[in-house]
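In: Show me the folded form of this:
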Amino acid sequence: PVGIAPAPGASAAPAAPPRPLGTIAAQPRFIAAVVSGMVAFGTMSFLMSASPLAIVACGLPDVEAHWVISLHVLGMFVPAFFTGHLITRFGTTPVMFAGILLLGLGVAAGVAGLDAWNFRIALTLNGVGWNFLFVGATTLVTTCYRANERGKVQALNDFLVFGTTATASFLAGFLLERMGWFALNAFAVVLLVVALGSVAWLWAQEKRVAQAV
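Out: Residues are numbered from 1 along each chain as shown. This next block holds a predicted model:
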């Protein structure tokens, strides 16, 4: 009838049905994001959980463990004030590459010696690298799903990432006792190589798509 406005949203197209979780999880973006998130938390948890024990085992005073963990926590959360701006300016994958580099430099500082400053630098870089890689990974995950798929995709991501965190925390003390601090850092290097490979694969995939357009 004349003069009666259509109901709000009456002409809007219906939302597309949610895709199967397997289809979403097979996307290169999702794979790279989840692998990077798992490595970020796994590497961080490996070294953070074991570092107080390693510090005391090296004969350093107990108070040094408090200083190292304090620096590590600052490294984890202070960059959060500007990580988003870096992602906006440079893109997600460059920030993730930077996170992997910083985590690698932290490992290098950790294996360079057993003095107090080795632990301080290693765990500070570990914290900053975790921030860059994890924030980049979580940003990437949000580009992989539609609004009606958010719950199940984030649930899968969180299960994998925090399951890795719990496993790494559990293994850190065991590996430190059985194999030592340097072997623990070697395991971290393996994890970082996996993350580097996944992010490089995603970068190559997106570059190929951009060139085809």
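In: what helix or strand is the spatially most central residue of the chain on?
Out: In the chain, the centroid-proximal residue (C-alpha atoms, centre = their mean) is Phe134; its distance is 2.7 Å. Phe134 is located in helix 116-141, with elements delineated by DSSP states H and E.
In: Only the buried residues of the longest helix along the chain, if you could.
Out: Among the segments of the chain that qualify as a helix by DSSP state H, the longest is helix 181-212. Of the residues in helix 181-212, 181, 184-185, 187-188, 191-192, 194-196, 198-199, 202-203, 206 count as buried by neighbour count, 16 or more other C-beta atoms under 10 Å. Every C-beta, even on glycine, is put in place using the N, C-alpha and C of the backbone.
In: of the residues you listed, closest to Gly59?
Out: Proximity of the buried residues of helix 181-212 to Gly59, judged by C-beta to C-beta, is greatest for Trp181, which lies at 12.8 Å.
In: residues touching the nearest residue to that closest one once chain neighbours are set aside, list them.
Out: Of all residues not flanking Trp181 in the chain, Ala54 sits nearest, at 4.4 Å (C-beta to C-beta, 6 or more residues apart in numbering). Applying C-beta atoms under 8 Å, 6 or more residues apart in numbering, we find Ala54 in contact with Leu114, Phe119, Leu176, Trp181, Leu184.
In: ok, of these, which one's closest to Asp158?
Out: Relative to Asp158, and with distances defined as C-beta to C-beta, the nearest of these is Leu184, at 25.3 Å.
In: I figured that closest one was touching Ala172, is that so?
Out: Yes: taking contact to mean C-beta atoms under 8 Å, the distance of 6.8 Å between Leu184 and Ala172 places them in contact.
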